[in-house]
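[1] Here's a sequence, model it:
(one chain, ligands or ions: 1)
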Amino acid sequence: MNVQKLNLTNSVKEFEYAKSLIPGGVLGIRRPYNFVEGEYPIYFDSGKGGRVTDIDGNEYIDYLCAYGPMIIGNREEEIDNAVIEQIREKGFCFSLTQRYQNQLAEKFREIIPCAEMSLFVCTGSDATSTAIRLARSYTGKTKIIRCGYHGWHDWCCEVKGGIPKKLYEDVYEFHYNDLEGLKVLLKEHGNDTAAVIITPFGHPLAEEMQEPQPGFLEGVKEITHKYNAVCIFDEIRSGFRISMGGAQQYYGVIPDLAVFGKAMANGYAIGAVTGKAEIMKRGESDVFISSTFFPNSLSYVAALKTIEMLERDKVLEAIWQKGNYFNNKVKGLLDKHKVGARITGIAPMMFITFDKDQAKQYKAKRTDFYTQIIRRNVFLQPFHHGYICYRHTQEDIDYTIKAIEEALFFLEEKYQ
Ligand SMILES: Cc1ncc(COP(=O)(O)O)c(C=O)c1O
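    Residues are numbered from 1 along each chain as shown. Next up, the predicted model:
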């Protein structure tokens, strides 16, 4: 059940042009090799709700959601109008701070279990790096133990080009759900360890997603404290998605510090560090946290409005319902068609991956599967999990399930 390749003429032309202007044409994870080259568009033109349109006029149901920020949907009028009003009526970039950060910090204290004090930055990487600096200052120690992706800054960047070794040599890594691995690291480095930072929900790069095994997060916190280190949850993806209070609320384990970003402002650039006052207070004088754009108000206004809507419209409940429906249906299809694929994750964030085989046929299957999916105008990433947003409709989800079934028929015919 093959279907025609999409017309991507404008995307390809624009990308060729871009390569002479911008290193790699486009940056990082948005480069074509992170999708199926030649099959996926490279440039989007617009979006509305859960749909996006590329520069060749192809429309897609978008399950990548801008890699996470689009929790409600694109062009969300209430949020955009609040931002536009701010621009028109007051302005947003001043020599001194406007008042919205107090409101946001108050809101954090109300809804996020660990939040005693908060501070706001521009990106997720800003937030994780700030939390690390606070923890190092608070403990007077240097080493960091990490689990998960925490951004592109020197201490945690996955690709080491251009980074002096001394800037990351005090950072050690363990695998999600591997409490023993963490214990071994702490036994060796615990006395010098300032913090253990972990994504409370497991979403390793291009791998199956994992929920915490019973006792895992509790164990991480306990052993981190045993060595007088700071327990940091990186909630950049799980925050304002798994529950209003984050994964810490959902799983009932409260860290010392937590960082948020992505979904908290429905696409506007903001990151947050929150947690125990005695640690956060290191930011009063010992730790320098400042950027020209940190106090700009538009993202605060967007975050306040987004959070208001998430609460008022019970957005996360709706996402859980849709996502559970989607995941159950897809699981049923994958059980039936047996092409060596599986769906992992939880309702708001899920991933269809292919089981590795010795002959490495899984790679070809993955390419074929995602090719068939994108040709049917469903935008899912082969190497990164997807998200459900509030504006995905029942019709979108049912259409997607049908597209997945057709792609599975294609694989069955080709590989069996
Ligand atoms: C868990 C996690 N932490 C940190 C980051 C870094 O955030 P940003 O890309 O906004 O710098 C990301 C980004 O994907 C992330 O997923």
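
[2] quick check, stretch 201-212 touching the ligand?
    No - Stretch 201-212 does not reach the ligand (C-beta under 6 Å from any ligand atom); its nearest approach is 7.2 Å. In short, each C-beta sits where N, CA and C put it, glycine included.

[3] hmm, who's touching that stretch?
    Residues from elsewhere that reach stretch 201-212 (C-beta atoms under 8 Å, 6 or more residues apart in numbering): 148-149, 158, 175-177, 200, 237-238, 242, 247, 251, 342, 344-346, 349-351, 353, 383-385.

[4] And stretch 67-80, by the same measure?
    Counting by C-beta under 8 Å, 6+ apart, residues outside stretch 67-80 touching it are 29, 46-52, 62, 65, 236-237, 240-241, 262-263, 265-268, 302, 305-306, 309-310, 315, 319, 384, 387, 389-392.

[5] now these: which count as buried?
    47, 49-52, 62, 65, 236-237, 240-241, 262-263, 265-268, 302, 305-306, 309-310, 315, 319, 384, 387, 389-392 (16 or more other C-beta atoms under 10 Å).

[6] the domain parsing of this structure - what is it?
    9-75+315-415, 77-312 (automatic domain parsing).

[7] Next, format the ones you listed as JSON lines and append distance to Met1 and mean pLDDT.
    Conversion of the domains of the chain to JSON lines gives the following (distance: least, C-beta to C-beta, whole Å; pLDDT from 0 to 100):
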{"stretch": "domain 9-75+315-415", "distance to Met1": "5", "mean pLDDT": "97"}
{"stretch": "domain 77-312", "distance to Met1": "27", "mean pLDDT": "98"}
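
[8] Close to the ligand: what parts of the protein are there?
    Residues of the chain lying near the ligand (C-beta under 6 Å from any ligand atom): 67, 123-125, 128, 148-151, 199, 234, 236-237, 261.

[9] List buried residues within those residues.
    123-125, 128, 148-151, 199, 234, 236-237, 261.

[10] of those residues, closest to the ligand?
    Of all those, the ligand sits closest to Gly124, with 2.1 Å by C-beta to the nearest ligand atom.

[11] Hmm, Val259 and the closest one touching each other?
    Yes - with contact defined as C-beta atoms under 8 Å, Gly124 reaches Val259; the gap is 7.0 Å.

[12] can you list residues touching both of the two?
    What both Gly124 and Val259 touch, as defined by C-beta under 8 Å, 6+ apart, is the set Ile236, Gly271.

[13] Work out the gap between whatever helix or strand Asp396 lives in and the centre of the chain.
    Remark: Asp396 resides in helix 394-415, with elements defined by DSSP states H and E. What separates the centre of helix 394-415 from the centre of its chain is 25 Å, taken as C-alpha atoms, centre = their mean, to the nearest Å.

[14] CA atoms only: put it into PDB for me.
    Output of helix 394-415 as PDB, limited to C-alpha atoms (Å, rounded to 0.1, in the frame of the first residue of the first chain):
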ATOM      1  CA  GLN A 394     -10.400  12.900  17.400                       C
ATOM      2  CA  GLU A 395     -10.500  13.000  13.600                       C
ATOM      3  CA  ASP A 396      -6.700  13.700  13.500                       C
ATOM      4  CA  ILE A 397      -6.000  10.800  15.800                       C
ATOM      5  CA  ASP A 398      -8.200   8.400  14.000                       C
ATOM      6  CA  TYR A 399      -6.700   9.400  10.600                       C
ATOM      7  CA  THR A 400      -3.200   8.900  12.100                       C
ATOM      8  CA  ILE A 401      -4.100   5.400  13.400                       C
ATOM      9  CA  LYS A 402      -5.400   4.500   9.900                       C
ATOM     10  CA  ALA A 403      -2.100   5.900   8.400                       C
ATOM     11  CA  ILE A 404      -0.100   3.800  10.800                       C
ATOM     12  CA  GLU A 405      -2.100   0.700   9.900                       C
ATOM     13  CA  GLU A 406      -1.500   1.300   6.200                       C
ATOM     14  CA  ALA A 407       2.200   1.700   6.800                       C
ATOM     15  CA  LEU A 408       2.200  -1.600   8.800                       C
ATOM     16  CA  PHE A 409       0.500  -3.300   5.800                       C
ATOM     17  CA  PHE A 410       3.300  -1.900   3.600                       C
ATOM     18  CA  LEU A 411       6.000  -3.300   5.900                       C
ATOM     19  CA  GLU A 412       4.300  -6.700   6.200                       C
ATOM     20  CA  GLU A 413       4.200  -7.000   2.400                       C
ATOM     21  CA  LYS A 414       7.700  -5.900   1.900                       C
ATOM     22  CA  TYR A 415       9.400  -7.800   4.800                       C
END
